[in-house]
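Q: structural data only, the sequence is not supplied:
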């Protein structure tokens, strides 16, 4: 019997993801202030962003394996403790170099959120609910990005940018207390156990942890390196919006910090719908008898096409329409991601899903780093127009890879290499 306690567990992951994006998005909101104070050009700012993405890429290579080895409870706790301290260190930055160093440390910790999240999904949810559960916890990224502009702008205007970094960083340490007290791993997906009649709190079921396969062994599987390749062209779209959208509003639409705080959260609010819609679409197709492979891939393709709305977003003269089109593009991304988050659990045994997601997400970090550098150069030398066009078409490349190279999404498609 599937326990209702699984919703409490995914709620904890949702909150961690909210905090993850509050930490990450703080820089985006205060970037106009820091760029003036530290005299950073678009290219310099892109290098600071790339420092985060470089660390994110490196950490994805081992964070999933660490979480698989330590277990979800301890591994997730380590990641959020690391990134929370790194977020606080931003408050002590004195220039682009020290800011970039803090971003690098943040990226090392934050990469662990999604391997841990998909591991929680694989441990607590049956197949039919995985895309929905993944979309629910991933909606924390949108919710965190919604909260960041008004909260960070308010704190910055009242107390300064250093207080914004420090205050947001502390929230992760508070979450850590609740996580450590509540989380345990069930023996089977949905098998949470029940508290005794005496009201004794839940405790972890004794689970024999299978041997973790080395990353270089996993990487021999076609699914892993192909999934990584697809993420090179999908995830940079999201990173563009979270790191550059406030800058775009300031430089292309003449918004000040107060206006950014007032309006920059809107696309992220709308994007949250995609997390639910993406999982709901593939779930509906599965209930109609579609295979997991075709249900997931069809849903991804449908939402990928929505990301083409980035083109009218940059071409329209009406800023309200621009924000609306950006919102649609972001729904496209989150709807796609809700399904890709379910991929590892569809194919691999649950004790490997953290490692698989981490390895695949190296593609996200690498693509995010490269395209961030390209974005800074293109904006400095041309404008935002070619950048928006590029991020409209990149997801189509990702969808093509998923259809032509990824293979079937079934456990039989993975054979451990020895």
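A: All right, it came through fine. In this text the structure is predicted, and so the values were computed from the model without any measurement.

Q: show residues contacting stretch 79-94.
A: Contacts with stretch 79-94, where a contact means CB atoms under 8 Å, 6 or more residues apart in numbering, come from 16, 19-20, 23, 26-27, 34, 38, 63, 67, 98-99, 102-103, 105-106, 108-113, 116, 162-163, 165-166, 168-173, 175-176, 179. All C-beta atoms are positioned from the backbone trio N, CA, C, and that covers glycine.

Q: could you do stretch 226-240 as well?
A: 49, 53, 304, 307, 310, 329-330, 333-334, 336-337, 340, 343, 356, 359-364, 366-368, 370-372, 375, 387, 391, 394-395, 397-398, 401-402, 405-407.

Q: cross the contacts of stretch 79-94 against helices and list the overlap.
A: Among the contacts of stretch 79-94, DSSP state H puts 16, 19-20, 23, 26-27, 34, 38, 63, 67, 98-99, 102-103, 105-106, 108-110, 113, 116, 162-163, 165-166, 168-173, 175-176, 179 in helices.

Q: using neighbour counts, trim those to the buried set.
A: By neighbour count, with 16 or more other CB atoms under 10 Å, the ones in helices among the contacts of stretch 79-94 hold 16, 19-20, 23, 26-27, 34, 38, 63, 67, 99, 102-103, 105-106, 108-110, 113, 116, 162, 165-166, 168-169, 171-172, 175-176, 179 as buried.

Q: tell me the helix or strand right after the helix or strand where residue 69 lies.
A: Element membership of residue 69, judged by DSSP states H and E, is helix 42-70. Toward the C-terminal end, the helix or strand that comes next after helix 42-70 (DSSP H and E) is helix 72-89.

Q: tell me the mean pLDDT for that next one?
A: What helix 72-89 shows for mean pLDDT is 93.

Q: what does stretch 308-315 give?
A: Mean pLDDT, computed over stretch 308-315, is 95.

Q: out of the helices and strands in this protein, which is least certain?
A: helix 215-218 (a mean of 72; mean pLDDT, DSSP states H and E).

Q: check contacts around the closest residue to residue 314 other than its chain neighbours.
A: With CB to CB, 6 or more residues apart in numbering as the criterion, residue 314 has its nearest non-adjacent residue at 3.6 Å, and that residue is residue 388. Applying CB under 8 Å, 6+ apart, we find residue 388 in contact with 310, 311, 313, 314.

Q: and which of these is nearest residue 265?
A: For these, the minimum distance to residue 265 (CB to CB) is 16.4 Å, reached by residue 313.

Q: low-confidence ranges in the stretch 1-150 of the chain?
A: Low-confidence segments of the stretch 1-150 of the chain, defined by pLDDT under 70: 1-3.
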